[in-house]
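Visitor: sequence-free structure coming up:
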């Protein structure tokens, strides 16, 4: 974790994924129609709604985003916009964000330009590249980027698909909707008041660049073992500002990220279970040399899907345990303990009927030990008892008018009308007076509604 003081997917399925998938917050997911235009498939081929990937969508991504294409064309360019209305139970004095009202605020929170699809299909080279205008921060920045070179092969006579990736976020390469890069919530409000604690894997998104290799071994037509290893570096400080994500996250050396997963498919169902991990050595706040801290994230995840022509049911579970060794920050008074832990558990269940009507229920819990320096008391965003513990329940209702194809005049148009309601039984450690200034956890309950357009 970077302490709060720094603030910090054989082929056609994934084609639809990128076709519909756009990206999330630093760790949010999105959907683009460029993949649908390239493959000629509707977004529903690759997505449960969007951005969840179907087995077809996972294969499209795995095989390098090249299905249906050969070289770049205008069809590989897409646009996306997220426009939403945010209402908290209680207002936030001074505004939900600079330049916004204290409550009941509209925001075109993300507008993105994408390139998605083949760069050179004969080579197996394809890409998903996103540039985003953040309507809350009012600035452009580079967003999720994944450029792949993918090839088929065999290992001891067993079918093998392998590839290489250049990307800018741990987990952005993932085929399943469990890790933070593509996990729920798929479209959170950027104006809502969120928990003070964040683990390292989501915090590094777009603040790093890296190179990785992956392989998918089909033990049987139904069983696949997936493995991936990436190495990341922090962006240079000037480059991070030029890309709209400055200041740079200061981390010593390379950051290894590992991913393993097993997937079994049968009939209309698929099941995945896996693990991933990341280790890095961040400098204390304000430092660019000298001793470093040690952060280790270890996670376990699982996903089940049942998909037919009339319905799509999915369940995702994700658990991340973070060990924080403050060997550099503690002597400087930047952490209250020599070491801490931070844990996140997310359980999500969703149902999509007739490719039009969706409902999602998700539970998220964040918990860790007390550290009054990392989680200090302060109005709205602080913790009176020095704990990060936050529980939330989110219910989401969706309507997809064009999931099987858009109107004749724009067949790749897709839209998601959504209503999300998030409730917080506890927030930053407590149910009442969690910030030390009298605010209750329920004051941050959030209604978020709007439209997610991709064309």
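Guide: Received, thanks. Predicted model only: the values in this text are computed from it and were never measured. Numbering: from 1, shown residues only.

Visitor: residues in contact with the residue nearest to residue 335 when sequence neighbours are not counted?
Guide: Nearest non-adjacent residue to residue 335, counting by CB to CB, 6 or more residues apart in numbering: residue 326, 3.9 Å away. For every residue, glycine as well, the C-beta is placed using N, CA and C. Listed by CB atoms under 8 Å, 6 or more residues apart in numbering, the contact set of residue 326 reads 293, 334, 335, 337, 338, 339, 340.

Visitor: And for residue 317?
Guide: Applying CB under 8 Å, 6+ apart to residue 317 gives the contacts 178, 301, 302, 303, 345, 346, 347, 348.

Visitor: swap the cut-off to 10 Å and go again
Guide: Contact analysis of residue 317 by CB atoms under 10 Å, 6 or more residues apart in numbering lists 178, 273, 300, 301, 302, 303, 304, 345, 346, 347, 348, 349.

Visitor: of the contacts of residue 326, closest to residue 368?
Guide: Proximity of these to residue 368 (CB to CB) peaks at residue 340, which lies at 6.1 Å.

Visitor: what's the neighbour count on the closest one?
Guide: 24 (other CB atoms under 10 Å).

Visitor: Which element, helix or strand, includes it?
Guide: strand 339-353 (DSSP states H and E).

Visitor: out of the contacts of residue 326, who's nearest residue 208?
Guide: residue 293 (16.4 Å).

Visitor: Show me the strands in the stretch 301-450 of the chain, by range?
Guide: Assigned by DSSP state E, counting those that start in this stretch, the strands in the stretch 301-450 of the chain fall at 311-325, 339-353, 357-368, 390-399, 414-426, 446-454.

Visitor: er, the stretch 1-150 of the chain I mean
Guide: 21-24, 28-31, 47-48, 52-53, 77-88, 105-120, 125-134, 139-155.

Visitor: Of those strands, which is nearest residue 400?
Guide: That would be, of the strands of the stretch 1-150 of the chain and by CB to CB, strand 47-48, which comes in at 9.4 Å.

Visitor: Tell me how far the closest one lies from the chain's centre.
Guide: Remark: strand 47-48 is offset 16 Å from the chain centroid, using CA atoms, centre = their mean, to the nearest Å.

Visitor: same for that strand, what does it pack against?
Guide: helix 12-20, helix 55-62, strand 311-325, strand 339-353 (3 or more CB pairs under 10 Å, 6 or more residues apart in numbering; DSSP states H and E).

Visitor: any low-confidence regions in the protein?
Guide: Scanning the chain for pLDDT under 70 picks out the ranges 1-44.

Visitor: repeat that with 50
Guide: Residue ranges of the chain with pLDDT under 50: 1-31.

Visitor: Nearest to residue 133, out of the strands of the stretch 301-450 of the chain?
Guide: The nearest among those, by CB to CB, is strand 446-454 at 14.1 Å.

Visitor: elements contacting the closest one?
Guide: helix 12-20, strand 21-24, strand 28-31, strand 77-88, strand 105-120, strand 390-399, strand 414-426.

Visitor: Relative to residue 172, which of these is closest?
Guide: Residue 172 sits nearest to strand 21-24 of all the helices and strands packed on strand 446-454, at 8.2 Å, using CB to CB.
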